[in-house]
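1. Build me a structure from this.
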Amino acid sequence: MVTYSGIAASNGIAIGPTLLFHKEPITVDRCPITDAASELSRLPAAVEKAKQQLDELFKKARKEVGEKDAEIFQAHISMLEDPELIGMIENLVTEQHINLEAAVWDAAEHYAQLLSQLEGEYFQARAVDVRDVGLRLVAVLQNRPFQPQLSLSKPSIILAKDLTPSDTVQLDKTMVLGFCTVEGGETSHTAILARSLGLAAVVGCPNEILELTDGSLVILDGYQGKLYVDPDKALLDEYEKRLEAAKGLKQRTLARCHEPAVTKDGKRVEVVANIGNVQGAKTAIQHGAEGVGLLRTEFLYLERATMPDEEEQVQAYREIVKVFGKMPVVLRTSDIGGDKEIPYLNLPREMNPFLGERGLRLCLTNPQLFKPQLKAALRAGEGFNLKIMFPMVTVEDEIHQAKQILDQCKEELRKEGKTFAADVEVGIMVEVPSAAIMADKLAPIVDFFSIGTNDLTQYTLAVDRTNPHLIHLASAFAPAVLRLIRMVIDSAHTCGKWVGVCGELAGEPLAIPILLGMGLDEFSMNPIAVPLAKHILRSLDVPIAKRIAERALTLPSAEAVKTYVRQEMQSLSIEID
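-> Prediction:
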């Protein structure tokens, strides 16, 4: 038996044969040309064909994994429309007198190299995307398929150096047991897709996995980030029992997912979902979510050439709130900034976009972006239980400014004779340490807090959460992060305000007893995590959860916290995976 270690990218266990996803490298012939105009005349049709292919992939992905995860193909289309990329291709053909295929590849590689030199996995992933787009355009020019279709004749665990969005969307998902790759991190497309599909995934494994023979029996542990090759009988028996237990737990939790989450001692806890589109709303309802703790609105702004107008936004938000009826829906205003491509805003590139002009900061300086969204939210919320939440709040004055603009929007709607939700609740995301530390001063001027643990962890621990080399440090279980969460909850409750968590931590089985013990009012998570979260909450009582939380806050590290809570859950006979 051989064991390989990587990064646990998506929880789950898979047992089965391997199948290596290997793509033959595309060769780009380089040859001189004499007629640049004639050579460039081939470009428009090739770009259009490549865009058509990507649009087909987008539609396919949207059906399988939803709008949010399919947006990457819209981003690829935008790259093909980028005037800088097209301009460089034209210049290379005209000035260096090289064939169009070579010019396309050189231009794509130029931008990919620039992105690769920037720190953070986000930019590394964008470099992969640029190369993917360049190779697709080359394949169109060469009049051949971009890549062969990987044929899956039986359920398998996919091994690959890396998987691009184009690779994964063409896989028969009913035949995929899990993913294991050499490259990628927790925010890579492979990890995102696996979580959306509820499949195990391990990334960042050694190159040796690519030398395995197709059909090798392996165990993929998405909890621990392990790949076991040719496991011995004892380990195989252990994991088969765990897999059967997990399947049974999933069936039982799904059967009760529409029941409320009431602790053993009678405390009702709200369990809601994080979504980004109508399909996500429907999935949330199917899995027993009692509303929405985080409605991401960025899907309306990204990968397009013009800003969505008020009417388009009203329609989009209304379609979502209709799914939930009178259930609460917390709409987060645009959390976009320097790390996302919004061409029509002409945002400058920033060396550290996570500390730059993003979230509420960006909205306050761009009323043409902010006001139509606020007015649309107010109009869409009429007759429903919609709440508005501002992201990336760092100081009190930002809240006052945002609420003043919201009041202006209400007045404008009155003058326009349009009906709207006049008494909508207004809250903020607490995702930077300054907001957490000042929570006692911010609580009186808002209706609620929602803690974004992903960013709060990043900013508290000074760790880029997209950097795979620092993944061992970027844990929301870190006692420093947990202490800030407790501080926020206590400050809010002192003022009679409620608190939710909408970061990944809310759906982590080991975090649920800690958060319950701290007094958290609302747990918001990926829709597929809702049934298990409700099951765990029903299995606990508040005094025990409080004891677990108090002890967790005294421990020295995130790993110590997780180990302790797992032991406690085992002693209480509470199934969590």
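
2. Can you give me the end-to-end span of stretch 486-500?
-> Its first and final residues considered, stretch 486-500 spans 12 Å by CA to CA, to the nearest Å.

3. Compute the distance between residue 11 and residue 252, please.
-> Residue 11 sits 17 Å away from residue 252 when distances are taken as CB to CB, to the nearest Å. (Glycine included, C-beta is placed from N, CA and C.)

4. Oh, that last question was meant for residue 144, not what I typed.
-> Between residue 144 and residue 252 the distance is 50 Å, computed by CB to CB.

5. So what does residue 180 have for phi and psi?
-> Backbone torsions of residue 180, given as degrees, to the nearest 10, read phi -140, psi 120.

6. now the chain, which segments are flagged as low pLDDT?
-> Across the chain, residues meeting the criterion (pLDDT under 70) sit at 24-25, 65-69, 117-126, 147-150, 185-189, 302-305, 337-343, 349-351, 353, 465-472.

7. how does it divide up, domain by domain?
-> With domains defined by automatic domain parsing, the chain comprises 2-23+148-245, 36-141, 269-424, 449-577.

8. Report the buried residues of stretch 227-247.
-> 227, 228, 229, 231, 236, 239, 242, 243, 246 (16 or more other CB atoms under 10 Å).

9. Inside strands: which ones of those residues?
-> In this view, these that belong to strands under DSSP state E are 227, 228, 229.

10. ok, the residues you listed vs residue 103, which is closest?
-> residue 227 (40.6 Å; CB to CB).

11. quick revisit: settle it for me: which of residue 11 and residue 252 has more neighbours?
-> Relative neighbour count places residue 11 above the other of residue 11 and residue 252, with 22 against 14, counting by other CB atoms under 10 Å.

12. wait, what's in contact with residue 575?
-> The neighbourhood of residue 575, defined by CB atoms under 8 Å, 6 or more residues apart in numbering, consists of 245, 249, 535.

13. Run through the helices of the stretch 301-450 of the chain in chain order.
-> 310-324, 360-365, 367-380, 396-415, 433-437, 439-442 (DSSP state H, counting those that start in this stretch).

14. ok, back up a step: and the buried residues of stretch 227-247, which two are furthest apart?
-> Farthest-apart pair in those is 229 and 246; separation 21.3 Å (CB to CB).

15. Residue 544 against residue 572, yeah?
-> Yes - applying CB atoms under 8 Å, one finds residue 544 in contact with residue 572, separated by 7.2 Å.

16. So which of those two has more stuff around it?
-> The neighbour count for residue 544 versus residue 572, taken as other CB under 10 Å, is higher for residue 544 (18 against 13).

17. Tell me the secondary structure of the more buried one, please.
-> In three-state terms, and counting by DSSP: H, G, I helix; E, B strand; the rest coil, residue 544 is helix.

18. same for the helix or strand where residue 57 lies, what does it pack against?
-> When secondary structure is defined by DSSP states H and E, residue 57 falls within helix 43-65. In terms of contacts (3 or more CB pairs under 8 Å, 6 or more residues apart in numbering; DSSP states H and E), helix 43-65 is packed against helix 67-80, helix 83-96, helix 121-141, helix 165-169, helix 189-197.

19. Which of the ones in strands among the buried residues of stretch 227-247 sits closest to residue 374?
-> Using CB to CB, residue 227 is the member of those that lies nearest residue 374, at 48.2 Å.

20. Report the beta-bridge partner residues of the closest one.
-> Beta-bridge partners recorded for residue 227 (DSSP bridges): residue 4, residue 220.

21. my guess is residue 34 contacts residue 97, does it?
-> Yes - using CB under 8 Å, residue 34 is in contact with residue 97, at 7.2 Å.

22. Give me the more crowded residue out of those two.
-> Higher neighbour count among residue 34 and residue 97: residue 97, with 15 against 7, using other CB under 10 Å.

23. follow-up on the earlier one: and among the helices of the stretch 301-450 of the chain, the most buried is which?
-> Across these, the average number of neighbours (mean count of other CB atoms under 10 Å) peaks for helix 367-380, which reaches a mean of 21.

24. Which residues does it contact?
-> Applying CB under 8 Å, 6+ apart, the set of residues contacting helix 367-380 from outside is 297, 301, 307-311, 313-314, 317-318, 321, 331, 333-334, 345, 362-364, 386, 388, 405-406, 408-410, 412-413, 418-422, 424.

25. measure the most centrally placed residue in the chain to residue 70 for me?
-> Taking CA atoms, centre = their mean, the centroid of the chain lies closest to residue 192, which sits 6.4 Å from it. If you measure residue 192 against residue 70 using CB to CB, the figure is 11 Å.

26. Over to residue 274?
-> For residue 274, the distance to residue 70 (CB to CB) stands at 17 Å.

27. burial of residue 394, as a residue count?
-> When neighbours are counted by other CB under 10 Å, residue 394 registers 16.

28. wait, I meant residue 267
-> A count of nearby residues for residue 267, using other CB under 10 Å, gives 15.

29. and if you look at residue 201?
-> Residues contacting residue 201 under the criterion other CB under 10 Å number 32.

30. can you check residue 459 too?
-> Applying other CB under 10 Å, we find 22 other residues in the vicinity of residue 459.

31. correct me, but it touches residue 436?
-> No - applying CB under 8 Å, one finds residue 459 not in contact with residue 436, separated by 9.4 Å.

32. Looking at the buried residues of stretch 227-247, spot the one nearest residue 256.
-> Taking CB to CB as the measure, residue 256 lies nearest residue 246 of those, at 16.4 Å.

33. residue contacts, the closest one?
-> The neighbourhood of residue 246, defined by CB under 8 Å, 6+ apart, consists of 12, 13, 577.

34. For residue 529, give its distance to residue 545.
-> According to CB to CB, residue 529 stands 18 Å off from residue 545.

35. Correction: the previous question concerned residue 212.
-> Separation of residue 212 from residue 545 (CB to CB): 44 Å.

36. thinking again about what came up before, so which of the domains of the chain gets nearest residue 257?
-> Per CB to CB, nearest to residue 257 of the domains of the chain: domain 269-424, 3.1 Å.

37. The closest one: how far from the chain's middle?
-> Average the C-alpha atoms of domain 269-424, do the same for its chain, and the two points are 17 Å apart (CA atoms, centre = their mean, to the nearest Å).

38. Kindly report the same for stretch 550-558.
-> For stretch 550-558, the separation from the chain centroid amounts to 28 Å (computed by CA atoms, centre = their mean).

39. Residue 212 and residue 545: who's more crowded?
-> Set residue 212 next to residue 545 and count neighbours by other CB under 10 Å: residue 545 wins out with 24 against 19.

40. doesn't residue 511 make contact with the more buried one?
-> No - counting by CB under 8 Å, residue 545 sits too far from residue 511 to count as a contact (11.2 Å).

41. looking at the helices of the stretch 301-450 of the chain, which is closest to residue 129?
-> Among those, helix 360-365 comes nearest to residue 129, with 23.0 Å by CB to CB.

42. Can I get that closest one in CSV, CA atoms only?
-> Taking Å, rounded to 0.1, in the frame of the first residue of the first chain, the C-alpha atoms of helix 360-365 are listed here in CSV:
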residue,chain,number,x,y,z
LEU,A,360,-18.8,48.6,0.4
ARG,A,361,-15.8,50.8,-0.2
LEU,A,362,-16.3,50.4,-3.9
CYS,A,363,-20.0,50.9,-3.7
LEU,A,364,-19.7,54.2,-1.7
THR,A,365,-17.4,55.7,-4.3
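
43. Show me what it is packed up against.
-> helix 367-380, helix 396-415.
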